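Asks: Need coordinates for the following:
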Amino acid sequence: MPTYFTGQQIQPGDWVRVYSSRFGVWHHGIVHRLIFVPGGIGVEIVHNTKGGNVAVVDWHEFAAGNPVLLHRRPESAAHATAVVERAEENIGKPYYLFAQNCEHFASFAFTGQAE
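Replies: Residues are numbered from 1 along each chain as shown. Alright, predicted model coming up:
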């Protein structure tokens, strides 16, 4: 089972973040699902990117060579399901710096409120 560098298991619905040294900011996403890939299990992340939109990418693309940290974990299986469903409903929505950036997206998926 894939784990964070802390040893915690990665789970769908986790709110994750990675520090982007290129931009000097934290980049946020939601663990979408674990998938079977040749040689093991892969992790998909839903995130929103500047100049793009909400999209699903693999763990390595999201990480961009940096450690991915667990920011918040769902409180229950039902909460995790709701987080993933809200994330999926936003796939394809555009990026807006002050209204729909990566942190707004992750906050909305996790709590139902974009903050």
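Asks: Measure how buried Gly42 is and give me the count.
Replies: 15 (other CB atoms under 10 Å). The way it works is simple: take the backbone N, C-alpha and C, and place the C-beta from them, glycine included.
Asks: any idea how far the helix or strand it falls within is from the chain center?
Replies: According to DSSP states H and E, Gly42 maps onto strand 40-48. With CA atoms, centre = their mean, to the nearest Å as the basis, strand 40-48 stands 8 Å off its chain's centre.
Asks: Give me the sheet partners of the next helix or strand after that strand and which way each runs.
Replies: Next in sequence after strand 40-48, counting helices and strands by DSSP H and E, comes strand 54-58. Partner strands for strand 54-58, per DSSP bridges, with pairing direction: strand 40-48 (antiparallel).
Asks: Packing partners of the lengthiest helix in the chain?
Replies: In the chain, assigned by DSSP state H, the helix with the most residues is helix 77-89. Applying 3 or more CB pairs under 8 Å, 6 or more residues apart in numbering; DSSP states H and E, one finds that helix 77-89 contacts strand 25-37, helix 102-111.
Asks: Rebuild the ones you listed as a markdown table, extending it with distance to Val57 and mean pLDDT.
Replies: Shown next, in a markdown table, are these (distance: least, CB to CB, whole Å; pLDDT from 0 to 100):
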| stretch | distance to Val57 | mean pLDDT |
| --- | --- | --- |
| strand 25-37 | 8 | 94 |
| helix 102-111 | 12 | 94 |
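Asks: ranking the ones you listed by burial, who's on top?
Replies: Each of the helices and strands packed on helix 77-89 was assessed for mean neighbour count using mean count of other CB atoms under 10 Å. The highest is helix 102-111, with a mean of 22.
Asks: Next one, pLDDT for Val56 please.
Replies: Confidence at Val56, expressed as pLDDT, is 96.
Asks: for it, what are its contacts?
Replies: 32, 44-46, 91 (CB atoms under 8 Å, 6 or more residues apart in numbering).
Asks: Could you rerun that using 10 Å?
Replies: The contact partners of Val56, taken as CB atoms under 10 Å, 6 or more residues apart in numbering, are 29-30, 32-33, 44-47, 62, 87-88, 91.
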